[in-house]
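>>> only the shape, not the letters, is given here:
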Ligand code: NDP
């Protein structure tokens, strides 16, 4: 039986590439999204992958979403916590809502969904949780105290949960993408983007498929000895 995989924010950008790569490699994929119905409908038409609308920052909404996915496809054994947003500005201009929105969508979401799938994973003695962090959670970034805090929180969350899952066949890993060519990065002003690309040793943005390949590797049954790690896929921009 194909393993069921949930990809949050799985209808656009990096998430879309992850959903597709997992499907092409035999997983039974559910893609989640927040509110862009048109993009989700086009995604489902293009890929045949069902899309489920719920807010990953809201525990009750996640509970309902996981219930629906489980009823339609079966219990989730691969969880990719990919949904994320930015609300960039320096701290002197940042309002509490911008802080809160970014923390709940990027970080609280990892708790919400892991909490909801972990019991089944513990019962069957198998699970894969892959959290999408960021280079900016590792290195920090001007104008992103909210985002950097959330993403760096993901890296700590990953290492703690990895320890809890290790004896139960559940691996928990993170991927820290560098700058990837998606809507999120296209929203960065052109002159700023040029400066960013100049600082990437491979001299280009990453492709969503390059992150998806990393997810596939970590999701495999054969990757059971890799847990608590962070895979940096960033064109050499940040080495540590
Ligand atoms: P996009 O903005 O292209 O896509 C975001 C996806 O997340 C959409 O499907 C969106 O749904 C969904 N989403 C947003 N908020 C919520 C929510 N509250 N509940 C459910 N779904 C939600 O993002 P990217 O593909 O660029 O980024 C994907 C992940 O990778 C993020 O976590 C991001 O922080 C991380 N990342 C991205 C980098 C990049 O260079 N692009 C670099 C490093 C990390 P909808 O379509 O309905 O809006």
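Received it, and whenever you're ready, just let me know what you need. Keep in mind it's a predicted model, so treat the numbers as computed, not measured.
>>> looking at the protein, which helix or strand is least sure?
Within the chain, no helix or strand scores below helix 183-186, which has a mean of 85 by mean pLDDT, DSSP states H and E.
>>> are that helix and the ligand in contact anywhere?
Yes: among the residues of helix 183-186, 183, 184, 185 lie within reach of the ligand under Cβ under 6 Å from any ligand atom. Bear in mind the C-beta positions are built from the backbone N, C-alpha and C, glycine included.
>>> near the ligand, which residues of this protein show up?
The interface of the chain toward the ligand, taken as Cβ under 6 Å from any ligand atom, is made up of 8-9, 11-15, 32-36, 39, 55-57, 82-85, 105-106, 132, 134, 177, 179-180, 182-185.
>>> and these, which of them are in strands?
The strands, defined by DSSP state E, take in 32, 33, 132, 177 from those.
>>> now the buried members of the residues of the chain next to the ligand.
Among these, the ones that count as buried by 16 or more other Cβ atoms under 10 Å are 8-9, 11-15, 32-34, 39, 55-57, 82-85, 105-106, 132, 134, 177, 179-180, 182, 185.
>>> check the offset of the least confident helix or strand of the chain from the chain's centre.
On the basis of Cα atoms, centre = their mean, to the nearest Å, helix 183-186 sits 15 Å off its chain's mean C-alpha point.
>>> residues making contact with that helix?
12, 13, 84, 86, 179, 193, 205 (Cβ atoms under 8 Å, 6 or more residues apart in numbering).
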